[in-house]
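*Asks:* Take a look and give me a structure for this.
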Amino acid sequence: MKKFLFFLTTTLVLFGAVFAMYMEYIHISEYPVFIESYEHGTVSVNAEGAMGNDSKYKLMCKKDSEITISVNPERTDSTFYNLEKLTVNGVDVTEQVNMLQYKTVVTQKLTVVATFKKGKRPESDPEPLKLDVTKPDIEKYADNAYLGSFSAYNLEDPTVFFDSESKVYYCFGSNNVVVRSTDLVNWTNRTTYFKHPENATSNTIMSFSQFESVDNWAGEHGYGGDESYTDKLQGRSPVAPEIVKVGDTYYMYFSIVKEQNANEAAIFCVKTDNLAEAVENKEWTDVGLVISTCGTNGGSRTVVDTDGNRKTETVASKYDAANAVHPSVVYDGKRMYMVYGGYYGDNSLGGEIYLVELNPETGLLSSSLSGDEVSTMHGSERFRAGTLVADPGSVPSMDRADGSLVSGAEIVYNDDNGYYYLFVTYGYDEINSSIVVSHSKDVAGPYVDFNGNDMASYSDNMFDKGYLLLAGYNFVNSAKGNVSYTDVGRASIGSPNVIKSDSGNWYIASQSQLYFKAETEIKTGVKAADEHSLMISAAPALEIRRLLWDDNGWPMALPEVYSGKSTEHSFKPEELYGNWDVIVLRNGTDTEDRYATDRKCSQIVSILEDTVISQSDINNSNALIYGGSFKQSGEGFTVTIDSVEFTVYPYAVWDWELKEGSIVFTGTGSDGTAIWAKKKLSTTMGLYTATLDHVYSKCEGVTAETFAKKLEILSANPSQGQIDACVDEIIKAIRN
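*Replies:* Numbering: from 1, shown residues only. Reported below is the predicted structural model:
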């Protein structure tokens, strides 16, 4: 027993000694930091434990660690306080505070005490730039909160036509939907333009008996008007209507599609001499079948072998290369042409866009056609596909890779520069649609993009071709400090329709969806913690934007939806200094790049008098070394961002997301990319913190001392102009 008690006593003594040594180690490896703040300000250490209103706080900090003590004086509209004194263990370190921060190393217990005194607010800049932009008068149409009170909800594949007789803009869409407007902003309620469905939301399929040509084709293809909506989902109504006026005759072209993922489809033509009466009474004259495609009877098609060589072969296949959908017509007063096709295929086959010539006198095909022969089930008649103008090539694998991802072609002639333009939709409506552009001096092509790529040439990746004009986007930094997924962005912009008004202004209509619905998890572009599994709405909306043309003949779209006024101000360079929320519409080459919400998120770019600093510059530590430039150039400006020079044109617009007037710019880059940006007009916006920190970190010696106090004062509550001027002054001093 004595031996046991001796062993137990010895063990306890040793354990106590070890425990005491451990506690002493803990004591010397961490020290407490006591914070005290007295009236009208807060203090924090390493951005933690902010305290104010005569409060005290304690936290533990590791020995020999560097801590940042931040003081934040009270600043409101009615009160303005400065730091009076900051002491650390009784030592006054106020003079060592830079930009309201003091850094020290923890070698002992610390007591931090801050006091504040009432001060005078720094003088502000003159009033901000006044913009001639008023809030659009849309309240009476604001019955759909989903759209933020503008445009037309649930309208797919829009085509806008101005009727000079009735002075009304008509927008026709798929599913027998039509809306009217006199200003391209306010649209009437949805009605129908054909007799069936009886209303724009009815599930009743189209009555084929209204037009003999449609009735005959439907009968040949094994279904008619007595079939249910669910049995023939794609056959319920007209798809992607198009209007063109020849003399006194209005021709309407539309598709009927039997199967979504095949090419059993046809394009028809009807006409009227009075568009307003035809829409009101739903009475049109049948012209006839324009073109029909259906591979179940075989025919010829273009295929690509394993070496990438194209060849024509006769097959008894379900798939032909052509698909009679999405007609778009261009008429120059003498000759008339139609592009069509796309929207289906099995990766390397199908989904091609073709051009055919129409007879203006009949509205039907011209007798002289070229191209592959396409099969049909409409009697024994055969059609020629026409001239191939766009080939998707190989399609990268996606969640729904049974489609070609190419659709909604639009052909437009710009008589100002003599070019024909081919607009094409890439991607799926519900996920990632975007609009690319190419042009040609000849209506039959070749249509080439900004970098000279032929849209009709086969490529291993379809996304290598086409000048990207519009895509899903999110101005993540322009939501008044809060990222709002339904207010600041759009997704899946597609189905383009280009309009030229009587006044000579150009516009582009398209469909898009908001960010609250998606079929896959997508990134918001903010930070990992903000990633959400969102869903893009299945109901697309009509949107119209101003379309401009650069000096090289490429279209540029304004980022904000048209509000009735887009003002071209004669901006002075200094009026554009400050922070811009910038999106570069760069073409992607892999699947992830093609998700609209993944790659069209903005970054902050600070435009100053002497330099341009982007967030990516800061991340790569290139700012002030490779920082861009900003200067006036003719009617626009050139701005270099991330080593790419863009020519941009500023506009004053109504900002639908911020509900205020704003400045935006649009432009094109030297590398063949489009650019969008918006600037929030506010005298208290302040410079982006990372930019300011980065610029100040470059200061050394005398330069740092010279600007330390100035930056501290400005960080209190500066105007945008004051802090821009100060930072620019620092940059010049550093570079000199």
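
*Asks:* Which parts of the chain are helices?
*Replies:* For the chain, the helices defined by DSSP state H cover 2-29, 212-220, 275-281, 596-599, 615-619, 689-697, 701-714, 720-735.

*Asks:* tell me, which of those helices is the model least confident about?
*Replies:* Of all those, the minimum mean pLDDT falls on helix 596-599 (a mean of 42).

*Asks:* residues touching Phe268, list them.
*Replies:* Applying Cβ atoms under 8 Å, 6 or more residues apart in numbering, we find Phe268 in contact with 211, 213-214, 217, 253-256, 287-290. Heads up, the C-betas are built off the backbone N, CA and C, glycines and all.

*Asks:* again with Thr249
*Replies:* The contact partners of Thr249, taken as Cβ under 8 Å, 6+ apart, are 271-273, 363.

*Asks:* Output the residues you listed in JSON lines, with pLDDT, distance to Gly504 and neighbour count appended to each entry.
*Replies:* Shown next, in JSON lines, are the contacts of Thr249 (pLDDT from 0 to 100; distance: Cβ to Cβ, whole Å; neighbours: other Cβ atoms under 10 Å):
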{"residue": "Lys271", "pLDDT": "97", "distance to Gly504": "28", "neighbour count": "16"}
{"residue": "Thr272", "pLDDT": "97", "distance to Gly504": "27", "neighbour count": "19"}
{"residue": "Asp273", "pLDDT": "97", "distance to Gly504": "27", "neighbour count": "12"}
{"residue": "Gly363", "pLDDT": "95", "distance to Gly504": "28", "neighbour count": "21"}
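
*Asks:* Farthest pair within these?
*Replies:* Asp273 and Gly363 (13.0 Å; Cβ to Cβ).

*Asks:* Thought Met336 was touching Val356, still the case?
*Replies:* No. Using Cβ atoms under 8 Å, Val356 is not in contact with Met336; the gap is 9.9 Å.

*Asks:* Who has more neighbours out of these two?
*Replies:* Val356 (24 against 20; other Cβ atoms under 10 Å).

*Asks:* For that one, give its distance to Val244.
*Replies:* 14 Å (Cβ to Cβ, to the nearest Å).

*Asks:* same check, this time on Lys63
*Replies:* Note on Lys63: its distance to Val244, by Cβ to Cβ, is 80 Å.

*Asks:* Would you mind telling me which of those two has more residues around it?
*Replies:* Set Lys63 next to Val244 and count neighbours by other Cβ under 10 Å: Val244 wins out with 22 against 13.

*Asks:* partners of that one in the sheet?
*Replies:* Tyr251 (DSSP bridges).

*Asks:* Now do the contacts for it.
*Replies:* 250-251, 253, 329-331, 336.

*Asks:* change it to 10 Å
*Replies:* Residues near Val244 by Cβ atoms under 10 Å, 6 or more residues apart in numbering: 159, 161, 250-253, 269, 327-331, 336, 338, 358, 360, 363.

*Asks:* swap in Val160?
*Replies:* Val160 neighbours (Cβ under 10 Å, 6+ apart): 169-173, 179, 181, 184, 243, 497-499, 507-509, 542, 544.

*Asks:* Quick one: mark the members of the residues you listed that sit in strands.
*Replies:* Using DSSP state E, the members of the contacts of Val160 that fall in strands are 169-173, 179, 181, 243, 497-499, 507-509, 542, 544.

*Asks:* Out of the residues you listed, which comes closest to Val133?
*Replies:* Nearest to Val133 among those, with distances taken as Cβ to Cβ, is Ile544, at 16.6 Å.

*Asks:* Could you list the buried residues of stretch 31-49?
*Replies:* By neighbour count on 16 or more other Cβ atoms under 10 Å, the buried set for stretch 31-49 is 31, 33, 35-38, 40-45.

*Asks:* now stretch 416-424
*Replies:* Going by neighbour count (16+ other Cβ under 10 Å), the buried part of stretch 416-424 is 419-424.

*Asks:* Equivalent analysis for stretch 352-369, please.
*Replies:* Neighbour-count burial for stretch 352-369 flags 352-358, 360, 363, 365-366, 369 (criterion: 16+ other Cβ under 10 Å).

*Asks:* min pLDDT across those residues, which one?
*Replies:* Among those, Leu369 carries the weakest pLDDT, at 63.

*Asks:* Please enumerate the shared neighbours of Val356 and Met336.
*Replies:* Joint contacts of Val356 and Met336 (Cβ under 10 Å, 6+ apart) are Ser366.

*Asks:* on that earlier part again, just the buried residues of stretch 31-49: which has the poorest pLDDT?
*Replies:* Among these, Tyr38 carries the weakest pLDDT, at 72.

*Asks:* residues touching Asp163, list them.
*Replies:* The contact partners of Asp163, taken as Cβ under 10 Å, 6+ apart, are 169-170, 180, 243, 245, 250, 274-276, 279.

*Asks:* Just the buried residues of those residues.
*Replies:* Buried among the contacts of Asp163 by 16+ other Cβ under 10 Å: 169-170, 180, 243, 250, 275, 279.

*Asks:* At which residues are the strands of the stretch 51-200 of the chain located?
*Replies:* 55-62, 66-73, 81-88, 91-92, 101-105, 110-118, 152-153, 159-163, 168-173, 177-181 (DSSP state E, counting those that start in this stretch).

*Asks:* Identify the residues contacting the third one?
*Replies:* Applying Cβ under 10 Å, 6+ apart, the external contacts of strand 81-88 come out as 33, 36, 38-41, 43, 69, 71-75, 92-97, 100, 102, 104, 110-120, 712-713, 716.

*Asks:* Thank you kindly, that will do.
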